[in-house]
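Undergrad: missing the sequence, but the structure's below:
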């Protein structure tokens, strides 16, 4: 295995949680628009105004964010790997159908793995960056803080459905 | 199906050939380094000096080109979809392991489909670009001409193996 495959703490953001809910429920909250609307955006910062998830390789990952000041920010990406209840990979480097993307924000590839753990689920979110500079920018811009808040909202939303 | 999935003649390069050889052989010539070295680079322009193909989703697509003037040009990308003898997708937007890539050249996603046709193979190569500007640049830079020459070398090499 080549070294470029490896997760690198200098460039990659890894978040791990034990969620006290079955894998099936966690997968649904991760992939279904009606659930994503409840957790994807820190509630104090804005809201998901539109969400479309075509959960298959090459399918659309699309989330529009509305902020308090009336602005809208589209997030468009593409699913790459879909193994239901096990592993989900999407990237902002590609648009749906794998078309090379045009983007403003720091691009990432996100990898989520789920694993049954007792009666709950081990959840690991990894965001791969191009390099240390991109990761630093995401740490300082609020992206990392927003991702942590969204993770807490995700867990709270899963728990509310049990 | 969303319109962004569609092939667009203004942004995408499509090349179709009937190859008088079985799909199995065409797949091998497409994916094995010892064969890629024979056809990937127009012979009058340079040669493949190094080739590594890890043909699985997330795997490495790596081809170094040596030109007559002693320079070397790496090409590093990532396989996304691998359906043996049917469909192969790779992109220069991602490095192996789906890491967002850093690149100098115009990025593309390449999709190759193979289909048995009589005793031969219908071969379709599609290169997706970000936009019309990128496609125009690839037409004018020699990329398109190089791809056409490589396609002819590909067919000749397959025929030499029958």
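TA: Good, I have the coordinates. Here the structure is a predicted model, which means the values were calculated and not measured. Residues are numbered from 1 along each chain as shown, chains lettered A, B, ... in the order given.

Undergrad: strand partners of the longest strand seen in chain A, parallel vs antiparallel please.
TA: Counting residues, the longest strand found in chain A (DSSP state E) is strand A:72-83. Strands that pair with strand A:72-83, judged by DSSP bridges, come out as strand A:60-67 (antiparallel), strand A:87-91 (antiparallel).

Undergrad: what's the distance between the residue positioned nearest the centre of chain A and residue B:95?
TA: Taking C-alpha atoms, centre = their mean, the centroid of chain A lies closest to residue A:110, which sits 5.8 Å from it. When distance is defined by C-beta to C-beta, to the nearest Å, residue A:110 is 15 Å away from residue B:95. (Glycine included, C-beta is placed from N, CA and C.)

Undergrad: Equivalent analysis for residue A:23, please.
TA: Applying C-beta to C-beta to residue A:23 and residue B:95 gives a distance of 30 Å.

Undergrad: Same drill for the two, tell me which one is more crowded.
TA: Taking neighbours as other C-beta atoms under 10 Å in any protein chain shown, residue A:23 and residue B:95 compare with residue B:95 leading, 25 against 19.

Undergrad: For the more buried one, list each beta-bridge partner.
TA: Bridge pairing for residue B:95 (DSSP bridges) gives the partners residue B:99.

Undergrad: Can you name the residues that contact it?
TA: By C-beta atoms under 8 Å, 6 or more residues apart in numbering or on different chains, the residues touching residue B:95 are A:4, B:76-78, B:101.

Undergrad: For PyMOL, what selects the buried ones among those residues?
TA: Under the burial definition 16 or more other C-beta atoms under 10 Å in any protein chain shown, those of the contacts of residue B:95 that qualify are selected in PyMOL by:
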select buried, chain B and resi 76+77+78+101
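
Undergrad: Could you list the buried residues of the longest strand of chain A?
TA: By 16+ other C-beta under 10 Å, the buried positions in strand A:72-83 come out as A:75-82.

Undergrad: Any residues of chain A in contact with chain B? List them.
TA: Within chain A, the residues that sit near chain B (C-beta under 8 Å from any C-beta of the partner chain) are A:2, A:4-6, A:54, A:57-58, A:60, A:80-81, A:89, A:91-102, A:107-109, A:111, A:128-131, A:134.
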